[in-house]
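>>> sequence first, then the predicted structure, then my questions.
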Amino acid sequence: MRCRGGRLSGRTKRVALTLMILSALLCTLPPIPGARAQGKQIVVTSYGGSWEQFLRAEILPDFEKQSGVKVELAVGLAKDWLANMLAAGVDRAPYDVVITNEIWASEERRKGFFATLLPDKVPNLKDVHPAARIKGDAGVLVIIQPVGIAYRTDLVQKPPASWKDLWKPEYKGKLGLYTITNTAGATFLMVAAKVWAGDAKKVDVAFSKIKELKPFRQTDFSGNMEALLTQGEVHIGILDVPAVPRLSRQGVKLAYVIPREGMFMFEQDANVTRASKNKEAAYAFINYLLSPAVQLKWSRKFFLTPVNTKVQVPEELRKDVPIHGDKIRSILQWDWNWYNDNKENFIKRWTREISG
């Protein structure tokens, strides 16, 4: 600004000098850690509720601080994420990292949505249990919720020891199972085929055997199964093992059984999308989730099974986290591509023969 005579006023000179000094100081300051990545953002799928709260409180802040990458959570359900991806197309998928059950991830992988995980970009992969690595590193299980049989200790005198025991006459009318639209329901169909026919794909046998269990309560959500057990509406139910210690701490008289034929699982499979514009950051996030410190956080909070073999589950947690280390091999695995190819027919048949 100039005065009427064309000369700078004294005040203006002082302001100009101050600005020059500040500019010089800013130019000489060292770069802020993470500034190189400022502006980078990845979108990661997430369930809501306590899952989302834990991510925001315990997982994301440290990663964002270390990497300078902002994580936006796409909160919802797997079916919604798949629908959004199909609508957008392989080259414009709206997420950078997709974390979901393998029944959904396998379908998305076949459609070409995911990039291969690169060991040099995800170095913690080398410490992941082989049973938790997807063939060709097309994905990786970052956490596992083993699923077994839960029962009310005050209502069941002789608890089951195997999947076949669910067919015992004394349990008639006291069972809780999942509908086939839940991953646990789909898996139980294959479990029944495996234990009664020796082959998970012999579903004719499975449908016949499951019909023998009727009447039983059906639910499409694990939270509802917890409520049915808590209220005593079912005495025995299929349930993820981590729910048992959590409910027991709330006073529910509940215990679990690891069936002798093996368990199955709710697994969380992490994948980087081919369309991601920030693959480096996406790989880094998965690597972070696989780190021993973060894996142990999930075990302490939700009693989940760590997949990183370097994690030592503390003694005080081992009853509540019974599957860890090489015990992961005891979890049964399935051909989800085959199941997805037949899913619609299985759902229709379940509706007609089991729910009807």
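That came in fine, so what should we check first? Residues are numbered from 1 along each chain as shown.
>>> and the helices in the stretch 201-350 of the chain?
203-212, 222-230, 243-248, 279-289, 292-302, 336-350 (DSSP state H, counting those that start in this stretch).
>>> can you list the domains in this protein?
Domain ranges of the chain: 35-144+266-329, 146-265+335-355, per automatic domain parsing.
>>> quick check: mean pLDDT of the first one?
Per-residue pLDDT over domain 35-144+266-329 has a mean of 94.
>>> starting at the chain centroid, how far to it?
Remark: domain 35-144+266-329 is offset 7 Å from the chain centroid, using Cα atoms, centre = their mean, to the nearest Å.
>>> again with the last one
Centroid separation for domain 146-265+335-355 versus its chain: 20 Å, with Cα atoms, centre = their mean.
>>> just the terminal-to-terminal distance for that domain.
26 Å (Cα to Cα, to the nearest Å).
>>> with stretch 65-72 instead?
For stretch 65-72, the end-to-end distance is 14 Å (Cα to Cα).
>>> which parts of that stretch are buried?
67, 68, 69, 70, 71 (16 or more other Cβ atoms under 10 Å). To be clear about C-beta, it is placed using only N, CA and C from the backbone, and glycine gets the same treatment.
>>> could you do stretch 225-245 as well?
Quick answer for stretch 225-245 (16+ other Cβ under 10 Å): 225-226, 228-230, 234-245.
>>> tell me which two in the buried residues of stretch 65-72 are the farthest apart.
Taking Cβ to Cβ, the two most distant members of the buried residues of stretch 65-72 are 68 and 71; they sit 11.3 Å apart.
>>> show me the strands in the stretch 151-300 of the chain, by range?
175-178, 217-219, 236-240, 254-257, 264-273 (DSSP state E, counting those that start in this stretch).
>>> ok so, going back, which of the helices of the stretch 201-350 of the chain sits closest to residue 93?
Nearest of those (Cβ to Cβ): helix 279-289, 11.4 Å.
>>> quick one: list the elements packing against the closest one.
strand 41-46, helix 60-67, strand 97-100, strand 140-152, strand 264-273 (3 or more Cβ pairs under 8 Å, 6 or more residues apart in numbering; DSSP states H and E).
>>> mind putting these in a markdown table, distance to residue 210 included?
Shown next, in a markdown table, are the helices and strands packed on helix 279-289 (distance: least, Cβ to Cβ, whole Å):
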| stretch | distance to residue 210 |
| --- | --- |
| strand 41-46 | 31 |
| helix 60-67 | 41 |
| strand 97-100 | 26 |
| strand 140-152 | 15 |
| strand 264-273 | 15 |
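>>> among the ones you listed, which is nearest residue 319?
Closest among the helices and strands packed on helix 279-289, once you apply Cβ to Cβ, is strand 140-152, at 13.2 Å.
>>> thinking again about what came up before, adding distance to residue 345, write the strands of the stretch 151-300 of the chain out as a markdown table.
Formatted as a markdown table, those follow (distance: least, Cβ to Cβ, whole Å):
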| stretch | distance to residue 345 |
| --- | --- |
| strand 175-178 | 18 |
| strand 217-219 | 19 |
| strand 236-240 | 23 |
| strand 254-257 | 31 |
| strand 264-273 | 21 |
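>>> out of those, flag the one nearest residue 124.
strand 264-273 (11.3 Å).
>>> by contact count, what packs against that closest one?
Contact here means 3+ Cβ pairs under 8 Å, 6+ apart; on that basis strand 264-273 packs against strand 97-100, helix 102-110, strand 114-115, strand 140-152, helix 183-197, helix 279-289.
>>> surely residue 69 touches residue 281?
Yes. The pair residue 69 / residue 281 is scored as a contact, 4.4 Å apart, by Cβ atoms under 8 Å.
>>> average pLDDT for stretch 149-157?
pLDDT averaged over stretch 149-157 gives 97.
>>> list the contacts of it.
With contacts defined as Cβ atoms under 8 Å, 6 or more residues apart in numbering, stretch 149-157 is touched by 159-160, 163, 166, 174, 229, 232, 235-239, 241, 243-244, 252-257, 259.
>>> do that again at 6 Å, thanks
159, 160, 235, 236, 237, 239, 244, 253, 254, 255, 256, 257 (Cβ atoms under 6 Å, 6 or more residues apart in numbering).
>>> without its sequence neighbours, what residue ends up closest to residue 55?
residue 46 (5.9 Å; Cβ to Cβ, 6 or more residues apart in numbering).
>>> related to what we said a few turns ago, between residue 69 and residue 281, what contacts are shared?
With Cβ under 6 Å, 6+ apart as the test, residue 69 and residue 281 both reach residue 40.
>>> of the buried residues of stretch 65-72, closest to residue 292?
residue 67 (17.8 Å).
>>> that closest one and residue 91, how far apart?
Note on residue 67: its distance to residue 91, by Cβ to Cβ, to the nearest Å, is 25 Å.
>>> ok, residue 106 next?
Applying Cβ to Cβ to residue 106 and residue 91 gives a distance of 21 Å.
>>> and those two? Which one has more around it.
residue 106 (22 against 10; other Cβ atoms under 10 Å).
>>> now do the contacts for the most centrally placed residue in the chain.
Residue closest to the average C-alpha location in the chain (Cα atoms, centre = their mean): residue 268, at 2.9 Å. Residues counted as contacts of residue 268 (Cβ under 6 Å, 6+ apart) are 99, 142, 143.
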